[in-house]
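Enquirer: Give me a 3D structure for the following:
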Amino acid sequence: MSSPEPLRHLIIPGALLPLPDDQPHPALPPLPHLDALLRRMKPAGAIVCDDETPSDPAELATARALGLPSEPGRIPWAALETGTIGTPCAWLMPCHWQLGMDHVLLTDPVHLQLGEDQSRALLSTAEPLLREDGIATRYLMPNAWLAQGEVFRALSTWSMTRATGRRLTPALLASTPVEKDAALLRRLQSELQMLFYTHPVNEARESAGQLPINALWIKGAGVLDEPHPPRADVLVESRLVLAEQAQTGATLEQATAAHHEAWKALDADTGARLLAALQAGQDVRLTLCGPRQALELAPAPQSWASRISSFFSPPPPLGELLKPL
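Expert: Model prediction:
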C-alpha cells in the first residue's frame, strides 16, 4: 500500500479570532508543531484585501495554490467543485436580505439553518423562472444549488463573508461587463423576491421564528476550459472557521476557548504533517489567513550562518504574525 502524498501547502483560514478593535487578542496555547515550523520558515509574500475586494484573502490564497484563475471575484469555484468543464456556472445560495428604509444588508448565512426539504421546495419554485432566462439549475445541497448558463461567464461575484453586514449595491450583486446580463440578474433578483415573499416555506419558517429566505446569492461564477486535477498536497484547514461559526452568540470566553481547542487539534495533525514534510526536505508553504490579509511562509535558508542568526534572532511567535491579518 502506497503512503499518502506529502502535504506541501497548508492554508489556514480564520487564523485570527474576530474581536472588537479595542479588544486585545489573547495569547495562543502551546502549538509545538507550528512553532517548530515557524523556527524554520520566513514570510514569502502576502495577499492584502481592502474593503472593495470581492474575494477574501483565504479564497485568493487557495485559488493561487491550486493554480486557478485568481482575479478577485472571478474564481470559478462552482466549476471546480462540480467538475464542470466548458460551461459557465455558479453557485446559487439561498439567503436572507435584511431590508431597511434606505439599505439592504446580507444576513450571515450561518443563522439560516435551511434543511433539504425547504431548499428543494424553494428551488422547485425558482427553477421555471430561471429556466426561462437560460439558467439550468440542479440541487446539490441545502445551501447551494448549481446554476449553469452563459450569463455566468464574465460575472464577478462577492464572497458572502466579505458581503455580510455591508450595504448591498447593484454593482455588488451583479458586476459584469455584459450589460444585458447585469440587467437580467437584477430583474431575476426582484422577481425571486416576489416569488419567495409568500412562499409556504417562508410562512413555516417565520412561524417557527426563523428568518425567511428572500433572495439568492451568486457565488463562484466562471468557466473552466479544461479539467483541473485535484491537489492532494494542498490542504485548506477549515477547523478554525467551523469553530468560530459554532460559537455564534457565545461569550468571548467561550469563543476564545473553542478557537484555542481548534488550534491545538490542527497543530496535532496537519501541523505535524507539514513539519514532517519540511524535515524531509520538501519545499513546503504555510499560509495564515485573516479578514484583511493572507501571509505566506516558506522555508528559510538552513546554512550554518543562518542557523546561528536564527538562534540569536528567533522568528516572531505565531500570535505576533497573526496581528496584521
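Enquirer: At which residues are the strands of the stretch 51-200 of the chain located?
Expert: Taking DSSP state E, counting those that start in this stretch, the strands of the stretch 51-200 of the chain run over residues 89-95, 97-99, 104-106, 136-141, 144-148.
Enquirer: Arg162: which of these is closest?
Expert: Closest to Arg162 of the strands of the stretch 51-200 of the chain is strand 104-106 (CB to CB; 9.7 Å). (C-beta placed from N, C-alpha, C; glycine too.)
Enquirer: which helices and strands does the closest one pack with?
Expert: strand 97-99 (3 or more CB pairs under 8 Å, 6 or more residues apart in numbering; DSSP states H and E).
Enquirer: For the strand it packs on, buried residues please.
Expert: Residues of strand 97-99 classed as buried: Trp97 (neighbour count, 16 or more other CB atoms under 10 Å).
Enquirer: helices or strands next to it in the packing?
Expert: strand 104-106.
Enquirer: again, only using 10 Å
Expert: For strand 97-99, the packing partners by 3 or more CB pairs under 10 Å, 6 or more residues apart in numbering; DSSP states H and E come out as strand 104-106, helix 179-197, strand 215-222.
Enquirer: His33 is in what secondary structure piece?
Expert: In the assignment (DSSP states H and E), His33 maps to helix 32-38.
Enquirer: Please export the C-alpha coordinates of that helix as CSV.
Expert: Listed next in CSV are the C-alpha coordinates belonging to helix 32-38 (Å, rounded to 0.1, in the frame of the first residue of the first chain):
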residue,chain,number,x,y,z
PRO,A,32,4.6,22.7,19.3
HIS,A,33,4.5,21.6,15.6
LEU,A,34,3.6,25.0,14.2
ASP,A,35,6.1,26.7,16.5
ALA,A,36,8.8,24.3,15.1
LEU,A,37,7.7,25.2,11.6
LEU,A,38,8.0,28.9,12.3
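Enquirer: by contact count, what packs against that helix?
Expert: strand 9-12, helix 252-266, helix 272-279, strand 285-289, strand 293-299, helix 318-322.
Enquirer: I'd like the average pLDDT over the last one.
Expert: Translated: helix 318-322. In this model, helix 318-322 has an average pLDDT of 71.
Enquirer: what sits against Gly73?
Expert: By CB atoms under 10 Å, 6 or more residues apart in numbering, Gly73 lies in contact with 53-55, 59-60, 155-159, 162, 172, 175, 220-222.
Enquirer: nope, Thr176 is what I was after
Expert: 151-157, 182-185, 221.
Enquirer: Tabulate the strands of the stretch 51-200 of the chain in a markdown table, adding columns for distance to His259 and mean pLDDT.
Expert: Formatted as a markdown table, the strands of the stretch 51-200 of the chain follow (distance: least, CB to CB, whole Å; pLDDT from 0 to 100):
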| stretch | distance to His259 | mean pLDDT |
| --- | --- | --- |
| strand 89-95 | 25 | 95 |
| strand 97-99 | 27 | 84 |
| strand 104-106 | 24 | 84 |
| strand 136-141 | 26 | 96 |
| strand 144-148 | 26 | 96 |
